[in-house]
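The sequence and its predicted three-dimensional model are supplied below.
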Amino acid sequence: MKKLIKVKYTDGYEKIRKNIPLHDFTHEFQRDVWFAVPVNIAIILLKDPNFIAEDDIIFSPAIFNAAGLNIGIKRFGAFGDLIQLIPIIKHLKKISTNKYTLITNKQYVNDMKEFGVFDNVLPTGTIYAVFDKVIYLDGVAEKDHSLTNHQHLMHRVNIFEEFLNIHLTDYDFSVNMNEHHKKVVDEVLKNAFALQQNQLHTTDLQ
């Protein structure tokens, strides 16, 4: 029996068709849906940075204790979900000396740079080899879409915490922003007050 590896497509299109004539392989991949393929097919698909293997989302939280790693955080969007990464990244930067680069949809790059939370913000298509580790967050927050998942009652900041196996004591959303962004951030903050944990939330907007 051939060994199978689960892969998924993580970029912007809802669906993408891949043809590998040499191996008589054709499949239409749906974004953020795992699909098991033989190893030889997986090797070819994973040369495309928009595909990841199941092993790529398995990481040890010990990386947050390492010194000076260059870590990529891959999250395509949407803008509200990227905002909800603000307290996550602020926490990680407090507990480590790593550098955190957001890799996201090009339409959000300038906005996320303006917030000044990540060390850098780059568009999807970036060469991942420059990073010591890439953490793939595409599809993570969306676990709340299913009523069969326990995450359907969780705020998305909590979902990111659970996935990364970290625990925030302070939900710090303070960022540099212009008026254009303030309404979106205010809405996220309003929802953040509904976090199930009874903890202190920092909501100082600058």
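Cool, got the structure.

what's the domain layout of this protein?
According to the domain assignment given by automatic domain parsing, the chain is divided into the following structural domains: 4-57, 71-192.

Out of those, which is the most enclosed?
For the domains of the chain, the largest average neighbour count (mean count of other C-beta atoms under 10 Å) is found in domain 71-192, namely a mean of 17. Every residue, glycine included, has its C-beta placed from N, CA and C.

ok so, going back, any idea which of the domains of the chain gets closest to Ile63?
The closest approach between Ile63 and any of the domains of the chain, judged by C-beta to C-beta, belongs to domain 71-192 at 5.7 Å.

Secondary structure element holding Glu114?
When elements are assigned from DSSP states H and E, Glu114 belongs to helix 109-115.

roughly how far is that helix from the heart of the chain?
Shown here is helix 109-115, whose average C-alpha point lies 16 Å from the average C-alpha point of the whole chain (C-alpha atoms, centre = their mean, to the nearest Å).

If you average the pLDDT over that helix, what comes out?
This predicted structure assigns helix 109-115 an average pLDDT of 92.

all helices of the chain, in order?
Under the criterion DSSP state H, the chain carries helices at the ranges 39-45, 79-83, 86-95, 109-115, 156-164, 179-192.

For these, give me JSON lines that also has distance to Asp55.
Formatted as JSON lines, the entries for these read as follows, by distance: least, C-beta to C-beta, whole Å:
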{"stretch": "helix 39-45", "distance to Asp55": "10"}
{"stretch": "helix 79-83", "distance to Asp55": "24"}
{"stretch": "helix 86-95", "distance to Asp55": "22"}
{"stretch": "helix 109-115", "distance to Asp55": "28"}
{"stretch": "helix 156-164", "distance to Asp55": "15"}
{"stretch": "helix 179-192", "distance to Asp55": "32"}
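
quick one on the thing from earlier: which one of the domains of the chain has the lowest average pLDDT?
Of all these, the segment with the smallest mean pLDDT is domain 71-192, scoring a mean of 84.

give me the number of residues near the nearest residue to Val130 once chain neighbours are set aside?
The shortest distance from Val130 to any residue that is not its chain neighbour, by C-beta to C-beta, 6 or more residues apart in numbering, is 6.9 Å, and that residue is Asn70. Here the neighbour count serves as a burial measure; for Asn70 (other C-beta atoms under 10 Å) it reads 15.
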